[in-house]
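Below: sequence and its predicted model.
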Amino acid sequence: MSKVEALRKEIDKLDAEIINLLKKRVDLAKAISEIKKEEGHPLYDPLREEKVLKRIKKLALKKDLSLNEITWIYRKIISLCRKAEGENVKVAFLGPAGTFSEQAAKRFFFNAAATFMECPSIPDVFRAVAVGDADFGVTPVENSLEGSVNLVLDLLLNSNLKVFGEIEEKITHNLIVKPGTKIGEIKMVISHPQALAQCRKFIEENLHEAKIKECSSTALAVKIAKKIREAAAIGTELAAQIYGMEIIAKGIEDWPNNYTRFFVLSKIEAKPTGNDKTSIIFSVKHKPGALYQALEVFAKKQINLTKIESRPSRKKPWEYLFYCDFEGHKEDSPYNEALKELKKRCAFMKILGSYPKAQ
């Protein structure tokens, strides 16, 4: 037997051991899922997943193994275990298929054995989770260029759903056409008004003679463009794949630092991870210094506010609600003490949720 053949036999033995260990891991995961079902706990636990990956990365570093490759392998192992458990997480997103919302949802639930369901509107995403048709919902809440999605803020005020997580998705716009179409043949450009506005410079320089047509989403634009000769859509890479279209220009947005923040909605609350955010809504009495006194709570406890904005309360003219995000989890100190003190100083306060910061 040659030295190479001897070493290959050792590799074969190791492969057999790896398969046996994977089977043991799957069996343990099944046992845990049965206990969770008996005790009424949710099967999906992203916090546990992050802890596993964090620990594995440390072990990989000690053995001088590629972090990216090991992380990819373990994500697949986690996915294998979830499928064996019979876990099937239902995730609602703002459709149609191929939107940035779907891209964000699939990235967040990358390792889950998930079924994705498209909803025609943002209220329908909230409704799907509220009535139990979906376990989670993904909806845009804020764009780095355009600001907040006011409808989502209003729905959060009246909903019992919790913010379970957040996703930051880089917005990359692409010029999408029927396969074989050249840029000089394009006579119509279709997309969502925001996407058209964010690609104005590219359109003026390359498609200044083309007719502009607005529609309700970038994914719908791709769907429409597929049916019209000499038309192009501005949309996602995912939409191009779904509808069998071709991207002839990538990254055509005027501003490269364009991100949309999405909320993951659920009936369950996220556990502390040590790297969290909390979102709240509050209002103060209409008197001098009331807002200062409310915000003083955070300053005294050295809590970093990452966002604050006002919205009309719609109850009285010129009465406002304040939407605020801060670093920390509501169950941890000093954040829980700050919230108790804030409640005393406010006319109204609602905690929307504490959740892991976007990765």
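On my side now, so go ahead. Numbers count the residues shown, from 1 in each chain.

And stretch 41-48, end to end?
Taking C-alpha to C-alpha, to the nearest Å, stretch 41-48 runs 13 Å from one end to the other.

residues of it that come out buried?
Neighbour-count burial for stretch 41-48, counted by 16 or more other C-beta atoms under 10 Å, picks out 43-44, 46. Where you see a C-beta, it was placed from the backbone N, CA and C, and this is true even at glycine.

now swap in stretch 239-253 and tell me
For stretch 239-253, the neighbour count (16+ other C-beta under 10 Å) marks 239-240, 242-243, 245, 247-249, 252-253 as buried.

Among those residues, name the ones in strands.
Of the buried residues of stretch 239-253, the ones assigned to strands by DSSP state E are 247-249.

Can you add distance to S66 and pLDDT and give those residues back as JSON lines?
Converted to JSON lines, those look like this (distance: C-beta to C-beta, whole Å; pLDDT from 0 to 100):
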{"residue": "I247", "distance to S66": "30", "pLDDT": "97"}
{"residue": "I248", "distance to S66": "34", "pLDDT": "96"}
{"residue": "A249", "distance to S66": "33", "pLDDT": "96"}
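
nearest to V163, of the residues you listed?
Of all these, V163 sits closest to I247, with 33.3 Å by C-beta to C-beta.

which strand residues sit across from that closest one in the sheet?
Under DSSP bridges, the beta-bridge partners of I247 are I176.

Does it touch L175 like I think?
Yes: I247 is within contact range of L175, at 6.9 Å (criterion: C-beta atoms under 8 Å).

for the lengthiest helix in the chain, packing partners?
When the chain is parsed with DSSP state H, its longest helix is helix 3-39. Packing partners of helix 3-39 (3 or more C-beta pairs under 8 Å, 6 or more residues apart in numbering; DSSP states H and E): helix 67-85.

Please point out which parts of the helix it packs on sit buried.
Within helix 67-85, the residues that qualify as buried are 70, 74-75, 77-82, 84-85, counting by 16+ other C-beta under 10 Å.

Isn't K213 up against I190?
Yes: using C-beta under 8 Å, K213 is in contact with I190, at 4.5 Å.

overlap in contacts of those two?
Counting by C-beta atoms under 8 Å, 6 or more residues apart in numbering, the shared contacts of K213 and I190 are I224.
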